[in-house]
Structure formats: C-alpha cells, structure tokens
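Novice: got a sequence here, can you build the structure:
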Amino acid sequence: MVPAALGLLLLVAPAAGAQKPDSLPPIDTDRPDFTDGVHTVPHGHIQFESGYTYQQGRGTDAAHSHSLPEALVRFGVTPRVEVRLGENFLVVRPDGPGVPSVHGFDDTYVATKISATAQHGGIPATSFELKINLSTGSDLISAHRTLPGGALLLGWETRGPWSAGIEAFGTRTADDHVQAVGSLSVQYQAASRVQLYGEGFTVQPVNGGSGARAEHYANSGVLILLSNSVQVDARIGFGLNHAADRYFAGFGFAVRH
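Specialist: Residues are numbered from 1 along each chain as shown. The predicted structure follows:
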C-alpha cells in the first residue's frame, strides 16, 4: 500500500506543478528539528524528506536505537493544504547481556497540514496538522492499533536573520493514554544558504499513571541549501532529566520537485 501511494504521488506531482522548482522560494522542511513549520509545500509540488538518527538511552542496560530512513513525502494539493505520508524502520539494541535486539518497520502515518493564517506583525502565522498512525508495522514495533493525533503550529519571521516556531502536539498512545508534546525552535540565518537552530521540547504523559514521567530535551543543528530545492542537515540533542534518553544525533536531506 505504501509503495503504491508513494508512486502515485511521484507520478501526479510533475504533471500538477504550476511553477518550476527554481522559480520557487528556498525549500522549507519539517526536519531536522522536532517543531514543524507553518508553511505547506507549494501547490502541485512534491517534497521528499529523509534521514538517520542514533539515540542512546539512559541508565543501567539502556538501549540504543537506529532510525532510518525517516521518510516523509509531502504533496501540495492546494496553496494552503498538503497531504503527508511517512514511514520509518527501527533497530533497537538493548545494552544488557542476553537481551535480543528488535527491528522492523514502524507504523505508517498519514497526515495533512493546513495553513490557516499568515503572520500580522507580532501575531504569528498559524497552521494545523491532523495525523493518524495506521497499524501497519512489524509485530515487535507496531502499536497494533490506530493512533490519531493533531498539532497546532505557530511561526514568526522577522526582517532580520531570526525566526521562531512553536508546536503543541497531542496523540493517543499504544497503551490508550494521551501524550502531549510542546516545543520551541529558534532559527538564525547565518548565511544565504546556511541556517542554524536551537530547540527545546518536552514530552508530557497526560494520564499515563503514576509510573509515567515527563521527558525534557534540547537540541541544535544546521541546515544547508545545496540549491533552492535541495537541503542537507545535521543535528545533535541531549536529554535534560533522568526520564529522558541520554543523547541523540543524526543527519538527513530533502528534495523538492
């Protein structure tokens, strides 16, 4: 189902494109930070984002994981609406003796982003995302149920090199609880084709029981434009409390057609 959907998008996008990629503004991606941007993919264009992340847990016998290709396909169906399709593969290796590793495809997710309002002075631009995880993953990775979620996105741009974004995200979890995530990302345009960012985000269990604890993280990274429609990136982040993983690092790329 997933390869067929990806193939359909790749066939439709070139025919639907109203503008050549070189005539568009620089590519605007939703990676590598956690905070998604308020902008949607231009109408009739398709954007592919991908990457790899290594994540190290905390504590005795903590696991480490490899995440790839972190694939996200975005297609602009109108000037304000895009559809999104995502897939990933996970390898989780416990550090304790005699514990086997786990690997397999994660659940596919389908989503849409809707650009609601533009920025007016200090009032941010706003967008919404609606997302649903489908129970399509490998037995040891999948949540084995459909998990809906949604996000509110806020974005500010200045006449100078600074910009910022906020995401407030909520989703159902595999154990029938609710999880909320909040993030703030600040970007700095260091050069015409180089952008730096710093970000903090927190994962908050809403009704996860007495054993559930909040996780806090900070990360930063760099985004480099190779052309108006091709970007590469790298990031590194750290857990800020004992409930969070120790650190993570990764890199990726994105291309728009």
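Novice: residues near L223, how many?
Specialist: 26 (other C-beta atoms under 10 Å). In this view, the C-beta of every residue, glycine as well, is placed from N, C-alpha and C.
Novice: mean confidence for the helix or strand hosting it?
Specialist: Per DSSP states H and E, L223 falls inside strand 215-227. For strand 215-227, mean pLDDT is 98.
Novice: and the next helix or strand past that strand?
Specialist: Scanning onward from strand 215-227 (DSSP H and E), the first element met is strand 230-239.
Novice: mind listing residues that contact that following strand?
Specialist: 27, 29, 31-33, 51, 58, 199, 215-226, 245-256 (C-beta atoms under 8 Å, 6 or more residues apart in numbering).
Novice: quick one, the helix or strand that comes right after it and strand 215-227 angle?
Specialist: Where DSSP H and E defines the elements, the next helix or strand beyond strand 230-239 is strand 247-256. Interaxial angle of strand 247-256 relative to strand 215-227 (axes from the mean of the first three to the mean of the last three C-alpha atoms, to 10 degrees): 30 degrees.
Novice: pull the longest strand from this structure.
Specialist: strand 63-78 (DSSP state E).
Novice: rewinding a little: buried ones among the contacts of strand 230-239?
Specialist: Among those, those classed as buried by 16 or more other C-beta atoms under 10 Å are 27, 29, 31-33, 51, 199, 215, 217, 219-223, 225, 245, 247-256.
Novice: any stretches of the stretch 151-257 of the chain with poor pLDDT?
Specialist: 208-210 (pLDDT under 70).
Novice: each with direction, which strands does the strand holding L223 pair with?
Specialist: strand 194-205 (antiparallel), strand 230-239 (antiparallel) (DSSP bridges).
Novice: tell me the buried residues in the shortest one?
Specialist: Of the residues in strand 230-239, those scored as buried under the neighbour-count criterion (16+ other C-beta under 10 Å) are 231-233, 235-239.
Novice: how far away from the center of its chain is it?
Specialist: 12 Å (C-alpha atoms, centre = their mean, to the nearest Å).
Novice: strands of the stretch 1-150 of the chain, start to end?
Specialist: 46-56, 63-78, 81-94, 102-105, 109-117, 125-133, 147-157 (DSSP state E, counting those that start in this stretch).
Novice: which other residues reach the helix or strand that the last one is followed by?
Specialist: Next along the chain after strand 147-157, taking DSSP H and E as the criterion, comes strand 162-172. The set of residues external to strand 162-172 that reach it, using C-beta under 8 Å, 6+ apart, is 34-38, 124, 129, 131, 133, 147-157, 178-189, 201, 206.
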